[in-house]
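> turn this into a model:
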Amino acid sequence: MASAQRERILRFYRGGEGEETAMRLLDLAENVMKTQKFRITPFLDPYGQEIAETVRASYDGLRLDFDGGYAGAERQRAMLLHEDFAGTPGGCEIVCVTAAWNGQFAHLTHRDVLGALMGLGIDRGGVGDILLAGDTAKILCDTKMAHFIMEELTMIGAVRVTTALGDLADIAPREERTKEIRATVASLRLDAIAAAGFGISRSRAADDIAADKVKLNWQSAGSASKNIKQGDVLSMRGRGRLEVTEVRGQTKKGRISVVLHRYF
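Next up, the predicted model:
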């Protein structure tokens, strides 16, 4: 890739949450083009996956495949593969570690499990989706990290846990529940859309945005006054995800009609 084109991509993401990811993906892509082999990225959130698509489009002869360990995974690893590579890659090196605890005495959340993993010094890029069901958590992770997790993850908070290797084939495809919401809002400000979609007051939405509990297109939302457009995706900690499916325009009373899809 010409240095000018690389700089163009970096300039687009510079100063934002995607800058570090873009730099890492560009380095991996250039290595693939030089060696004519393949490289596997850390787990990427949906925003990181979009960046990977942007990088792929900048290289002739570069292929891109995603895998999160099961169908519908949100966090996925990307395999950057040169089209002339003659070998057969062995996959994206993902395994499942199952953590179990006594559900009669404790209720653990996704945040509890992730916090315990980060407390072990594990980089977020080494862990994919964390799937909770009753008193177990399926942790998708890099193959090289599985043994460390099983050795070191003995407590989540004050709760003792046991770990074992799970089977990726036992993980059912993700099935999200959705609800269509038709609403009218005073404006397309972030706090107004979040309030309508998540069923909370506008002041509560503004407080949660200020506390960085709301993501816009998988990045920190920033200001509550930010304008939202059709196709944007909002996520709120503990409340799921919201997609702005349609902006229909003004009503006779001067409000704006929107169609939202909330994913649980």
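> when you work out contacts or count neighbours from here on, use the C-alpha atoms and nothing else.
Noted.
> what's the end-to-end length of stretch 50-68?
15 Å (Cα to Cα, to the nearest Å).
> what mean pLDDT would you report for that stretch?
Stretch 50-68 shows a mean pLDDT of 94.
> which outside residues touch that stretch?
Here stretch 50-68 makes contact (Cα atoms under 8 Å, 6 or more residues apart in numbering) with 1, 5, 9, 18, 21-22, 25-26, 29, 32-33, 43, 73-84, 92, 94, 128-129, 140.
> for ChimeraX, write the select line for the buried members of those residues.
Buried subset of these, written as a ChimeraX selection, criterion 16 or more other Cα atoms under 10 Å:
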select :9,18,21,22,25,26,29,32,33,43,73,74,75,76,77,78,79,80,81,82,83,92,94,128,129,140
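> pLDDT below threshold where in the protein?
Residue ranges of the chain with pLDDT under 70: 1-2.
> so where's the longest strand in it?
Counting by DSSP state E, the longest strand found in the chain is strand 240-250.
> can you name every helix or strand that that one contacts?
On a contact count with 3 or more Cα pairs under 8 Å, 6 or more residues apart in numbering; DSSP states H and E, strand 240-250 meets strand 233-236, strand 256-263.
> out of the ones you listed, which gets nearest to residue 148?
In terms of Cα to Cα, the element of these nearest to residue 148 is strand 233-236, at 31.1 Å.
> partners of that closest one, with directions?
Note on strand 233-236: by DSSP bridges, its sheet partners are strand 214-216 (antiparallel), strand 240-250 (antiparallel).
> nearest the middle, which residue of the chain would you pick?
Geometric centre of the chain, nearest residue: residue 45, 2.9 Å, by Cα atoms, centre = their mean.
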